[in-house]
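*Asks:* please find the sequence and the predicted model below.
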Amino acid sequence: MSIVPESERPNPYSAYGAHGSVLVLNSGSSSLKYQLVNPVGGEAIAAGTIERIGEAGDAKGIVTHTYGGNRTRREADVPDHGEALRIALGLFDEIGPRLSDAGIYAVGHRVVHGGAEFSGPVVVDDDVVDRIESLVPLAPLHNPANVQGIRVARELLGDVPHVAVFDTAFFQALPAEAYTYAIDREVAAAHDVRRYGFHGTSHQYVAGKVARVLGRRVQDLHTIVLHLGNGASASAVKGGVPIDTSMGLTPLEGLVMGTRSGDVDPAVVFHLARNAGMDIDELDTLLNKRSGVLGLSGVNDFRELRRLIDDGDEDAALAFDVYVHRLKKYVGAYAALLGRVDVVAFTAGVGENDAAVRAAVCEGLEGLGIAVDPERNAARGGERIVSPDWTSTLVMVVPTMEELAIARQCVEAVEHLSPASAVTSG
Ligand code: ADP
């Protein structure tokens, strides 16, 4: 298999031709990221971030807006998400492009948790907002900001459809044996305890993109996707359908991440509660914010980790080894579940940029038909094959484009689905 040149790939999205651009909003607890995207060509027309929303004291928010190759950065008072969006809309007017000229077709909202209710993108109405809010107990750190972002955006941009795109939606197709935790079934059912999986937009996009760039049908491919950003997750995708993923009830399970532990014995929690006197919030912070690569080495950015390793720092070297060891275990496990692996696809900040991580994960997996070619692996660029010609499995780097994937799902939702048909019975 080889890469089909871009100019020879059919563009299945050209039917979207008449639809203008989509404004994609990603509301975090203290940030708003936005991107104006052309869902057909895929280019980001403009993008920006507003950080430090609602910080106490004299701290100002940091605002950046990029358009036409120029990046503007300034400080502003940003008490809440409403003001953040007002500032963003003001920047479109002031710096460009004017949204009236860009012809906004829809606003797409990235929502972290869709529970078992949402298995696809959904056009937002009041009922959908209420349902997303009802899922706050499952995602107390994320869904409140998502709900606030949607409410404010519907007020300020009332004349276009709004679409919610869920990080969990792709993984609603997991089989029961993959999403069921082996705990008392009545307790699990009463409290919605199961695997949901996250980064679904990225896993779905990358699995589809792999097929497209290889000129194959996604139905014919068995793919392991490794989304390695600050948060990190793996998935096994068989014929376009996920059969397992590493994140669980929350994004804490699975791989070692920038600041999250990933898999630990759940009894670590009981042990620390009983013996270290830590309460639930302290344990939550420990495993989500003070663990992972940061907890082991003191840094969470892989560029800094590399510098420490090169300087002979033993903690950093161990953090790298623990990170890679966990990844290898997931690759092996997913190879067993898939039976045959056609492609291992690396994506997101670490997966796309860190050749040493890719090489270390694939080292010694020749028996599984997985290897990287040092020269190909060291090269930079867009989607590419980094394995040697003799392997049965392709190792690829496929840049993820979550905003574009969200924009395309918006168009699909507005064109084809009513909110009710995208909501499963749960
Ligand atoms: P997220 O969306 O989860 O915040 P990203 O996918 O943007 O994360 O990935 C961010 C991470 O990618 C950084 O924390 C850093 O560890 C890693 N990263 C980014 N650029 C590079 C690079 N050139 N080399 C190695 N790692 C990189």
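*Replies:* Done, it's in. Residues are numbered from 1 along each chain as shown.

*Asks:* looking at the protein, which residue lies furthest from center?
*Replies:* With distances taken as CA atoms, centre = their mean, the residue sitting farthest from the centre of the chain turns out to be Asn275, at 35.5 Å.

*Asks:* give me the distance between it and the ligand.
*Replies:* 32 Å (CB to the nearest ligand atom, to the nearest Å). All C-beta atoms are positioned from the backbone trio N, CA, C, and that covers glycine.

*Asks:* over to Gln35?
*Replies:* Per CB to the nearest ligand atom, Gln35 is found 13 Å from the ligand.

*Asks:* helices and strands around the helix or strand containing His271, which ones?
*Replies:* When secondary structure is defined by DSSP states H and E, His271 falls within helix 267-275. If you count contacts as 3 or more CB pairs under 8 Å, 6 or more residues apart in numbering; DSSP states H and E, helix 267-275 packs onto helix 280-289.

*Asks:* tell me the helix or strand right after the helix it packs on.
*Replies:* Towards the C-terminus, the helix or strand next in line after helix 280-289, according to DSSP H and E, is helix 292-297.

*Asks:* average pLDDT for that next one?
*Replies:* For helix 292-297, mean pLDDT rounds to 98.

*Asks:* can I get that helix in PDB, CA atoms only?
*Replies:* Extracted in PDB, the C-alpha atoms of helix 292-297 (Å, rounded to 0.1, in the frame of the first residue of the first chain):
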ATOM      1  CA  GLY A 292       1.800  11.000  34.200                       C
ATOM      2  CA  VAL A 293       5.000  12.300  32.600                       C
ATOM      3  CA  LEU A 294       4.800  15.400  34.800                       C
ATOM      4  CA  GLY A 295       4.500  13.400  38.000                       C
ATOM      5  CA  LEU A 296       7.500  11.200  37.100                       C
ATOM      6  CA  SER A 297       9.800  13.800  35.600                       C
END
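
*Asks:* so which strand or helix has Thr64?
*Replies:* If you go by DSSP H and E, Thr64 is part of strand 61-67.

*Asks:* what does Val165 give?
*Replies:* Using DSSP H and E, the element containing Val165 is strand 162-166.

*Asks:* partners of that strand in the sheet?
*Replies:* If you go by DSSP bridges, strand 162-166 pairs up with strand 104-111 (parallel), strand 122-123 (antiparallel).

*Asks:* thinking again about what came up before, just the buried residues of the strand holding Thr64, please?
*Replies:* When neighbours are counted by 16 or more other CB atoms under 10 Å, the buried residues of strand 61-67 are found to be Gly61, Ile62, Val63, His65, Thr66, Tyr67.

*Asks:* show me what it is packed against.
*Replies:* Strand 61-67 is packed against strand 44-51, strand 70-76, helix 81-94, with contacts defined by 3+ CB pairs under 8 Å, 6+ apart.
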